[in-house]
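A.B. asks: Predicted model, plus sequence, below.
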Amino acid sequence: MTDPRRATSGAHPSSTGQVLAEVDWLDAHFEACRPEYEAMLRSVGIESGWRVLDAACGSGSFLPLVAELVGPTGEVAALDLAPENVAVVGERLVEWALACSAEARVGSLTALPYPDRHFDAVWCANVLQYFTAEETRHVLAELCRVVRPGGVVAVKDVDVQLVRIAPADPFLVSHLCDVSIRGPAATAQSVGSLRGRELRRWLEQAGLEAVWQRSTLIERWAPLRPVERRFWSEWLTYLAGLAEARGVLLSDLETWRALRDPTAPDYLLDHPEFYGCEGQVVAVGRVPSGPAQAVGESEQG
Ligand SMILES: C[S@@+](CC[C@H](N)C(=O)[O-])C[C@H]1O[C@@H](n2cnc3c(N)ncnc32)[C@H](O)[C@@H]1O
């Protein structure tokens, strides 16, 4: 049985109320996935000397690599909706003393506080999942607006159906996705957590050119490193809470409840054959250089 004193929601909300948006959680997720996450950022084509925006920067984990890619003649800007996240990023920028100029500010992707064509590239990781379809269209138009013609818009997001755990019923996560996305309890975020697979189409519809997309499976096997165990434990606790709230099959519920108790003797993450996998998707496009402007063109700036 789950000890209710041990079971947490695993929701990690920021002050804006958005789940999985709080600094400690974001740090753990990044560290557990660092090699794959950094490879994804390296793949998008950021060049030396560029001015780059990390849009929805969270705890700022990607910033040192962005700074490395743009080099000392480049510039990095970081923006996030949650003031406490921006405060942490501000402290980290002082501590890191990056080689290029860097600043962090509070703001929303829905109304970016930058002029048109201000950046050479934007990197926007793990945030489109929070938005409705209409908001996503609007945010992509904003990202396009602040990037110069020929510059890069790069987005990264999850496809929750690529989450796989073993040893367990192979359809455990699929059943949860089904009730979360098609059931009456569906939310913008549960629908958005499948948006990863469509990112390429979203960028094409935003008017970007030369669009490509690549999916990465982030696979971990027992024995897990402590940060991987922490990430997977909290992630599964969160999913187990959703399973409870959204009414999965009773047979699945027993499994999910067991996943909420990291102290249980038969806890899955301590199984010698534990396997955990999540799937992340990067899509990249270029703002058109010709007279036909991207959808993001506006009177701002
Ligand atoms: C899951 S975190 C991802 C953070 C970071 N990009 C990363 O990958 O580690 C989502 C972040 O988006 C921020 N966010 C959510 N809605 C936003 C908005 N409308 N404008 C700017 N930031 C937003 C949250 O505050 C949170 O820091």
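C.D. replies: Arrived safely. Numbering: from 1, shown residues only.

A.B. asks: Show me how far stretch 69-87 is from its chain's centre.
C.D. replies: Chain-centre distance of stretch 69-87: 16 Å, with CA atoms, centre = their mean, to the nearest Å.

A.B. asks: so does that stretch get close to the ligand?
C.D. replies: Yes. Legend: contact between stretch 69-87 and the ligand by CB under 6 Å from any ligand atom is shown at 80-82, 85. Placement of C-beta: from N, CA and C, glycine included.

A.B. asks: Give me the subset of these lying in strands.
C.D. replies: Counted as lying in strands by DSSP state E, out of these, are D80.

A.B. asks: Please name the nearest non-neighbouring residue to the residue of the chain found nearest the ligand.
C.D. replies: Taking CB to the nearest ligand atom as the measure, the chain has G58 as its residue closest to the ligand, at 2.4 Å. Setting aside the residues directly before and after it, G58 is nearest to L26 in space (CB to CB, 6 or more residues apart in numbering), at 4.4 Å.

A.B. asks: Let me see the ranges of the strands in this protein.
C.D. replies: Counting by DSSP E, the chain has strands at residues 51-55, 75-80, 101-106, 119-125, 147-158, 164-166, 209-221, 275-286.

A.B. asks: As CSV, those with distance to L239 would be great.
C.D. replies: Supplementary listing: the strands of the chain in CSV, determined by distance: least, CB to CB, whole Å:
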stretch, distance to L239
strand 51-55, 26
strand 75-80, 24
strand 101-106, 30
strand 119-125, 20
strand 147-158, 12
strand 164-166, 9
strand 209-221, 16
strand 275-286, 11
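
A.B. asks: Make a markdown table from those strands and add mean pLDDT and mean neighbour count to it.
C.D. replies: Formatted as a markdown table, the strands of the chain follow (pLDDT from 0 to 100; neighbours: other CB atoms under 10 Å):
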| stretch | mean pLDDT | mean neighbour count |
| --- | --- | --- |
| strand 51-55 | 98 | 26 |
| strand 75-80 | 98 | 24 |
| strand 101-106 | 98 | 18 |
| strand 119-125 | 98 | 25 |
| strand 147-158 | 97 | 23 |
| strand 164-166 | 96 | 18 |
| strand 209-221 | 98 | 15 |
| strand 275-286 | 97 | 21 |
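
A.B. asks: For the residue most central in space within the chain, list the residues it contacts.
C.D. replies: Closest to where the C-alpha atoms of the chain average out (CA atoms, centre = their mean) is N126, at 1.7 Å. The neighbours of N126, taking CB atoms under 8 Å, 6 or more residues apart in numbering as the test, are 56, 58, 156-158.

A.B. asks: separation between it and E234?
C.D. replies: Between N126 and E234 the distance is 15 Å, computed by CB to CB, to the nearest Å.

A.B. asks: For the residue nearest to G49 when sequence neighbours are not counted, give me the pLDDT.
C.D. replies: Closest residue to G49 apart from its sequence neighbours, by CB to CB, 6+ apart: T73 at 4.5 Å. Among the per-residue scores, T73 shows a pLDDT of 98.

A.B. asks: And for T73, the neighbour number?
C.D. replies: 11 (other CB atoms under 10 Å).

A.B. asks: Okay, and the beta partners of G276?
C.D. replies: Residues found in beta-bridge contact with G276 (criterion: DSSP bridges) are I165, R220.

A.B. asks: how about it, what does it touch?
C.D. replies: Counting by CB under 8 Å, 6+ apart, G276 touches 164-165, 219-220, 224, 228, 232, 269.

A.B. asks: Throw these into CSV and include distance to the ligand, thanks.
C.D. replies: Supplementary listing: those in CSV, determined by distance: CB to the nearest ligand atom, whole Å:
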residue, distance to the ligand
R164, 20
I165, 20
E219, 19
R220, 18
L224, 20
E228, 16
W232, 16
L269, 22
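
A.B. asks: Okay, now the unreliable bits of the stretch 201-301 of the chain?
C.D. replies: 291-301 (pLDDT under 70).

A.B. asks: mind running it again at 50?
C.D. replies: 292, 294-295, 297-301 (pLDDT under 50).

A.B. asks: By neighbour count, which of the residues of stretch 69-87 next to the ligand wins?
C.D. replies: Among the residues of stretch 69-87 next to the ligand, D80 has more neighbours than the rest - 28 neighbours, counting by other CB under 10 Å.

A.B. asks: Does that one touch V106 like I think?
C.D. replies: Yes. Counting by CB atoms under 8 Å, D80 does reach V106; the two are 6.8 Å apart.
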